[in-house]
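Novice: based on what follows, work out the 3D shape:
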Amino acid sequence: MDTTRYDVVIVGGGAAGLSAATTLGRALRSVLVIDSGTPRNAPAAAVHGFLSRDGVNPRDLLAAGRSEVLSYGATVIDGEAVSALRTPDGFDVILGDGRRFSGRRLLVTTGLTDELPPVDGLREQWGKGVVHCPYCHGWEIRGQRIGVLGTGPLSVHQALLFRQWSPDITLFLNDAVEPADEEREKLAARSVRVVDGAVASVEAADGVLTGVTLREGSSFDVQALAVGTRMEARSALLESLGLSSQPHPSGAGRFIETDAMGATAVRGVYAAGNVSNLMAQVITAAAEGVMAGAGINTDLIEEETRWAVEGRFGPFSAASEAAVAKIVLGDRRHGLESGRSAAGMGPASTV
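Specialist: As a prediction, the model looks like this:
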């Protein structure tokens, strides 16, 4: 086991984790970041909507983030954290290879997993011709023939969103969506085509998406396909501490509940980024990491202030020992036996 006791152990080296580490490093905290190297956006070619970094490759963004974290004295290691346990001093985090690290506070920024529907060819195009977020990818596919693969009740909303980026939108119900009459009216009003039937496969040529084919054989030419995935928080580490993921109100998946500063229901354990906010883009996750870092630092300051107070007024302080001596010894604590003198037994003797 690493005998270093860190102020904070952060599990997850994405935008949230690295931003938290930078914030804590700048606060003069000892920080360890454990990163498994499996970011959610690894299939994507670029990050969008990140002010001053729009279009940067996700790997390049993380490399720059690591460099900043290291410049403030934090430690970053590669490894997969598989469990955590509470100790008298905080938490121990155990890695898959047996290594163990100790921290006073624990921040989990492990992100989420996108569960794709079982359609042939879909995964191969994920992050390329198959996209999920209009704010992340809409500009790049603006004006193209865009299909929306029905996966649940949010698919109608997704089709109406992508309509902002193209006049040519087709919603494939995929035997997973049955729009209400009001929803069909909205789709028609926005000139969104609706196609019944399950989608069997996503077609591509030379790695470029070209269309979708239904199980009954019909094919449709599309240049991009939007898919609403089921998003599941990577919460195994948190679950080892007694936390459970909760269904998201939108029905889009499961997440870990936190307060505004990232604190979970388990004292001393924090979460930030996609593990607690399924809808967070990269810049949002980074901001939540900053907030969690500030929250953790405040929590540590409160603990250290309490320790300082207990050092002056605690059970073993000078003031407490003087009070105990007065109760037990009376005036003899000053070296005088006043009781003997008062009883006519001569001068008080020194104890």
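
Novice: show the contacting residues for Arg105.
Specialist: When contacts are counted by CB atoms under 8 Å, 6 or more residues apart in numbering, Arg105 is found next to Asp7, Val8, Val9, Gly90, Phe91, Gly268, Val269, Tyr270, Ile296, Asp299, Leu300. All C-beta atoms are positioned from the backbone trio N, CA, C, and that covers glycine.

Novice: tell me the average confidence for the top helix by length along the chain?
Specialist: Looking across the chain with DSSP state H, the single longest helix is helix 282-313. For helix 282-313, mean pLDDT is 93.

Novice: what comes up buried for stretch 47-64?
Specialist: Buried residues in stretch 47-64, counted by 16 or more other CB atoms under 10 Å: Val47, His48, Phe50, Arg53, Val56, Pro58, Leu61, Leu62.

Novice: cool, and stretch 156-164?
Specialist: Quick answer for stretch 156-164 (16+ other CB under 10 Å): Val156, Gln158, Ala159, Leu160, Leu161, Phe162, Arg163.

Novice: so what's the closest residue to Glu288 other than its chain neighbours up against?
Specialist: For Glu288, ignoring the flanking residues on the chain, the nearest one in space by CB to CB, 6 or more residues apart in numbering is Ala272 at 4.3 Å. For Ala272, the contacting residues are 16-17, 20, 107-109, 258, 262, 285, 288-289, 291-292, by CB under 8 Å, 6+ apart.

Novice: filter those residues to the buried ones?
Specialist: 16-17, 20, 107-109, 258, 262, 285, 288-289, 291-292.

Novice: which one of the residues you listed is nearest to Pro167?
Specialist: For those, the minimum distance to Pro167 (CB to CB) is 32.2 Å, reached by Ala285.

Novice: contact partners for that closest one?
Specialist: Gly14, Ala15, Ala16, Ser19, Thr109, Ala272, Gly273, Asn274, Asn277.

Novice: apply 10 Å and report the result again.
Specialist: 12, 14-19, 40, 109, 111, 272-277 (CB atoms under 10 Å, 6 or more residues apart in numbering).

Novice: what's the closest non-adjacent residue to it?
Specialist: Of all residues not flanking Ala285 in the chain, Gly273 sits nearest, at 3.8 Å (CB to CB, 6+ apart).

Novice: surely the one you found meets Ala292?
Specialist: Yes - between Gly273 and Ala292 there is a contact under CB atoms under 10 Å: 8.7 Å.

Novice: identify the contacts common to those two.
Specialist: Counting by CB under 10 Å, 6+ apart, the residues touching both Gly273 and Ala292 are Ala16, Gly17, Ser19, Ala20, Leu107, Val108, Thr109, Gly262.

Novice: so which of those comes closest to Arg193?
Specialist: Ala16 (38.3 Å).
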